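Trainee: Everything below, folded, please.
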Amino acid sequence: MKRKTKLIHGGIANDPHTGAVSVPIYQVSTYKQEGVGGHKGFEYSRTGNPTRQALEELIRDIEGGEAGFAFGSGMAAITAVMMLFNSGDHVILTDDVYGGTFRVMTKVLNRFGIDSTFVDTSNIDNIEANIRPNTKAVYIETPTNPLLKITDIAAAAGVAKSNGLLTIVDNTFSTPYWQNPIELGADIVLHSATKYLGGHSDVVAGLVVVNSSKHAEDMHFIQNSTGGILGPQDSWLLMRGIKTLGVRMEEHEQTTRRIVEFLQQHPAVKKVFYPGIETHPNHAIAKRQARGFGGMVSFDVGSEENADKILGNVKYFTLAESLGAVESLISVPARMTHASIPKERRDELGISDGLVRISVGLEDAEDLIEDLNQALNS
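Mentor: Numbering: from 1, shown residues only. Just a heads-up that it's a prediction; the model follows:
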């Protein structure tokens, strides 16, 4: 089954009870049992819900894993994955991760004794150099947020496996349409499904896919025990969004390539960050492990003042958190998505006050380029 077909026909594609081509929203909390333990596969909706199950089987199929799990947000998914570990365990993470990931590791999970080290995983040697006796996993975000750095998933997974570690990949930016980390050796893949998978700025969700029955058993235990599940209404919205993921990702990419070419030539832009540029670090790796480069672009305009002028003059780019939707979004990571990271750390990573991040939507490419041009000229 080809990718676009699998997006529509993967998982549970219709309702076996009625023949409905769209899985219904089972807005229910509990289920009738004919006798104690005599249920029809569902007993309580925290443990399992037919609509959520359809979504979980869909993401399992399109990521090529053993089992999928749906959570109430991307951060709930990340937190649930980290609950696989125990007090005293250590995790190596990509340095340029989403600010919420940095925050939960350094401000919340550290209180439970889970230690973390942030390194530039685009250099595989950094992973090996930071492995400790108590290290249990390598957590990779690729492409990263917001500098679009690329980590070689297969190489990182090879180092992890040789040291008995799990490989966890945040695949939010690429989506399973462009990149499948499990095929490259990852053990666990997660998504902020709020972004491209939902695609319409109308749902908040997180998804996890694991590559073995043991990981599936452990993740279901955590999901059921902690209860951060996705509700049936949002599960249905997410399935609806996933059906058009392929055509959306292709359109995002085509428009993004034109915008990147424009930004590279504009005198107000100091640097453009996009893995599709041949001079981008690890461009060759991105080209090898993914089928596309995505719709996220960051560019540096030199100062906070210049960034604010752009934000104040764009017409078709909406100033907002999040990404991956049909409408184009614009943000300043240093003061928005990555504000939870201390300034000295942002400066060290290269997340400058003049860094602008755009999520390219589905508007006409010419309109978006003209909008950016008049804003940059301001």
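
Trainee: what ranges do the strands span in the stretch 101-250 of the chain?
Mentor: Ranges of strands in the stretch 101-250 of the chain, per DSSP state E, counting those that start in this stretch, are 115-119, 135-141, 166-170, 188-192, 206-210.

Trainee: Going by the annotation, which residue ranges form each domain of the chain?
Mentor: As given by automatic domain parsing, the domain ranges for the chain are 3-243, 246-377.

Trainee: Just give the number of residues close to the residue nearest to residue 250 when sequence neighbours are not counted.
Mentor: Using CB to CB, 6 or more residues apart in numbering and skipping the chain neighbours, the partner closest in space to residue 250 is residue 292 (7.6 Å). Just so you know, the C-beta spots here come from the backbone N, C-alpha and C atoms, and that holds for glycine as well. Residues lying near residue 292 (other CB atoms under 10 Å) number 21.

Trainee: Low-confidence regions, the stretch 51-200 of the chain specifically.
Mentor: Of all residues in the stretch 51-200 of the chain, none has pLDDT under 70.

Trainee: about what we covered before: looking at this, the residue nearest to residue 250 is in a strand?
Mentor: No: read with DSSP: H, G, I helix; E, B strand; the rest coil, residue 292 is coil and lies in no strand.

Trainee: Touching, it and residue 253? I think so.
Mentor: Yes: between residue 292 and residue 253 there is a contact at 5.0 Å, judged by CB atoms under 8 Å.

Trainee: one step back: adding mean neighbour count, write the strands of the stretch 101-250 of the chain out as CSV.
Mentor: Putting these into CSV (neighbours: other CB atoms under 10 Å) gives the following:
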stretch, mean neighbour count
strand 115-119, 18
strand 135-141, 24
strand 166-170, 26
strand 188-192, 27
strand 206-210, 29
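
Trainee: who's in contact with the residue lying closest to residue 105 once chain neighbours are set aside?
Mentor: Of all residues not flanking residue 105 in the chain, residue 116 sits nearest, at 4.4 Å (CB to CB, 6+ apart). Applying CB atoms under 8 Å, 6 or more residues apart in numbering to residue 116 gives the contacts 90, 91, 92, 93, 105, 106, 109, 110.

Trainee: ok, and the most crowded of those residues?
Mentor: residue 92 (26 neighbours).

Trainee: Quick one: closest of the strands of the stretch 101-250 of the chain to residue 14.
Mentor: Smallest distance to residue 14 across these (CB to CB): 20.8 Å, for strand 206-210.

Trainee: Which other helices and strands does the closest one contact?
Mentor: Of the remaining helices and strands, those touching strand 206-210 by 3 or more CB pairs under 8 Å, 6 or more residues apart in numbering; DSSP states H and E are helix 50-63, strand 67-71, helix 74-82, strand 188-192, helix 213-226.

Trainee: can you pull out the helices in the stretch 251-378 of the chain?
Mentor: Along the stretch 251-378 of the chain, counting by DSSP state H, counting those that start in this stretch, helices occupy 283-289, 304-313, 343-349, 365-377.

Trainee: Can you flag the weakest of the ones you listed by average pLDDT?
Mentor: Least confident of these, judged by mean pLDDT, is helix 343-349 with a mean of 87.

Trainee: Residue 343 - how many residues pack around it?
Mentor: 11.

Trainee: That one: what's it in contact with?
Mentor: Residue 343 makes contact with residue 334, according to CB under 8 Å, 6+ apart.
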